[in-house]
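> Below are the sequence and a predicted model for it; my questions follow.
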Amino acid sequence: MFQVKPLSFSDELYIQNRIDQKTKPIGALGKLENLAKQLALILGREKVNIQLPMMLIFAGDHGIASEGVSIAPSEVTAQMVTNFLNGGAAINCFCNSVGMTIQVIDCGIINSVNDERLMIQSLGQGTRNFSKEPAMSAEAVEEGLLLGARAARSQLEKGCNVFGFGEMGIGNTSSASALMAALLGLKVTDCVGRGTGIDDRQYQKKVSLIESALSIQGQFLEDPKGALAAYGGFEIVQMVGAMLAVAEAGGVIIVDGFISSVAALFAYKLANNTRDYMIFGHQSAEQGHQKLLSYLCAEPLLSLDLRLGEGTGAALALNLIHCAAAFYNDMASFESAGVTAV
Ligand SMILES: O=C(O)c1ccc[n+]([C@@H]2O[C@H](COP(=O)([O-])O)[C@@H](O)[C@H]2O)c1
Ligand SMILES: Cc1cc2nc[nH]c2cc1C
């Protein structure tokens with residue numbers, strides 16, 4: 001369904017050579033050098049041109065939230081969507097300071113928000129409770145992948161080539177944990193954390209609900225779409241489709257925290273080459289994220305103990321991405337600057 005080309009590593013030597021000729025000791029810009037290399041491989045070896053960076057925030061509600069697995073009720077999803085549209089959330093502040101535009105997408109929230117700035121791509125009023133039944137149908141998964149791709153493509157057509165992937169959905173750490181455990185065959189306790197900050201009693205309940213869901217619906221080691229239908233997340237499915245579309249178009253994917261990384265895992269499983277286009281913004285405090293990042297061989301740029309989602313860690317990482325592009329594009333070489341250190 002999605003054709004994602006592998007990056008052409010024939011350019012790698014050229015790019016590395018160009019980085020090594022910059023006026024600095026070899027390797028002295030550390031991980032920023034790897035970042036610059038990846039950006040040049042994706043966006044062009046002569047000039048890394050970051051255009052119209054965009055934060056996509058995918059919002060959806062979860063049937064599992066009715067079990068009390070979050071500090072907040074489902075109504076908060078729609079309330080926060082309104083907050084995003086009005087510019088009052090953390091992600092608005094971060095995007096404003098790094099020059100990123102926000103597009104919020106209703107992928108299936110319970111309480112509809114009537115605002116023309118919201119992109120409506122609703123797959124329903126929240127998923128079903130996955131501890132009792134499949135979160136969504138196989139058709140909804142297919143439709144969600146296409147709708148997510150459509151949201152990304154509408155921005156790609158305007159020239160955007162760098163995308164942050166944020167989300168909002170009360171209960172979505174439960175969904176993301178179940179998806180991770182089911183796809184990777186991991187113990188539930190390795191994948192479940194405290195999400196918005198639940199107490200010990202709620203945490204135990206969350207673990208046992210997900211364990212029982214897995215024993216009813218099973219693992220999906222070779223079947224990412226089956227896992228998505230079982231444990232769902234309308235916003236997670238649409239994020240997967242959007243990531244695939246961005247990679248297919250040769251754009252940059254900035255992954256945010258735990259939920260965004262689970263979407264990245266599914267995009268990778270559906271088209272392995274998508275991984276080449278991903279930059280991991282930060283390591284979330286959510287238990288399970290570290291293991292997931294290791295599985296994806298990902299080194300996040302930041303580690304600030306964030307556990308908010310919304311795209312906040314991805315927006316913060318855009319600063320570093322801009323700096324990596326700037327040094328790759330503009331820093332003098334030993335020859336051009338007449339520096340004879342090597
Ligand atoms: O991205 C993360 O790492 C992250 C970690 C913990 C919580 N969140 C956010 O909190 C919400 C999900 O938490 P919960 O407890 O309702 O499952 C959802 O709106 C996410 O954006 C996000
Ligand atoms: C207030 C609040 C803001 C959020 N932003 C992302 N997830 C969230 C969850 C809550 C509860």
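Received, thanks. Residues are numbered from 1 along each chain as shown. Ligands and ions are numbered 1, 2, ... in the order given.

> Break this protein into its domains for me.
For the chain, the structural domains run 11-49+328-337, 54-325, going by the TED database.

> To ligand 1, which of the ones you listed lies closest?
domain 54-325 (2.2 Å; C-beta to the nearest ligand atom). Where C-beta positions appear, they are placed from N, C-alpha and C, glycine not excepted.

> where do the helices sit along the stretch 201-342 of the chain?
224-231, 234-248, 258-270, 289-295, 312-330, 334-337 (DSSP state H, counting those that start in this stretch).

> Enumerate the residues of the stretch 101-250 of the chain near ligand 1.
E167, M168, G169, I170, G171, N172, T173, S174, G195, T196 (C-beta under 6 Å from any ligand atom).

> Please name the nearest non-neighbouring residue to the second one.
What it means is M168. If the residues on either side of it in the chain are set aside, M168 comes closest to A59, at 4.4 Å by C-beta to C-beta, 6 or more residues apart in numbering.

> Among the residues of the stretch 101-250 of the chain next to ligand 1, which are located in helices?
N172, T173, S174 (DSSP state H).

> Make sure the second one is actually in contact with I259.
If I follow you right, that is T173. Yes - contact status for T173 versus I259: in contact at 6.6 Å, counting by C-beta atoms under 8 Å.

> Contact residues of the stretch 101-250 of the chain facing ligand 2?
Checking the stretch 101-250 of the chain against ligand 2 by C-beta under 6 Å from any ligand atom, the hits are M168, T196.

> pLDDT weak spots in the stretch 101-250 of the chain?
Counting by pLDDT under 70, the stretch 101-250 of the chain shows no low-confidence range.

> Strands of that one, residue ranges please.
101-108, 119-120, 162-168 (DSSP state E, counting those that start in this stretch).

> most neighbours per residue, which of these?
strand 162-168 (a mean of 30; mean count of other C-beta atoms under 10 Å).

> So which elements touch that one?
Here strand 162-168 touches strand 54-60, helix 75-86, helix 234-248, strand 252-255, helix 258-270, helix 312-330, going by 3 or more C-beta pairs under 8 Å, 6 or more residues apart in numbering; DSSP states H and E.

> Not counting its neighbours along the chain, what's nearest V98?
L318 is the one closest to V98 (C-beta to C-beta, 6+ apart), at 4.6 Å.

> check contacts around the one you found.
Shown in contact with L318 (C-beta atoms under 8 Å, 6 or more residues apart in numbering): P53, V98, G99, M100, V162, G164, I254.

> Can you check the pLDDT for L7?
On the pLDDT scale, L7 is placed at 93.

> Checking it next. Helix, strand or coil?
Three-state call for L7 (DSSP: H, G, I helix; E, B strand; the rest coil): coil.

> Could you tell me which residues make contact with it?
L41, I42, N273, D276, Y277.

> and which of the residues you listed is nearest to M80?
For the contacts of L7, the closest approach to M80 (C-beta to C-beta) belongs to Y277, at 28.0 Å.

> Wait, A285 touches S303, no?
No - assessed by C-beta under 8 Å, A285 is found out of contact with S303, at 9.1 Å.
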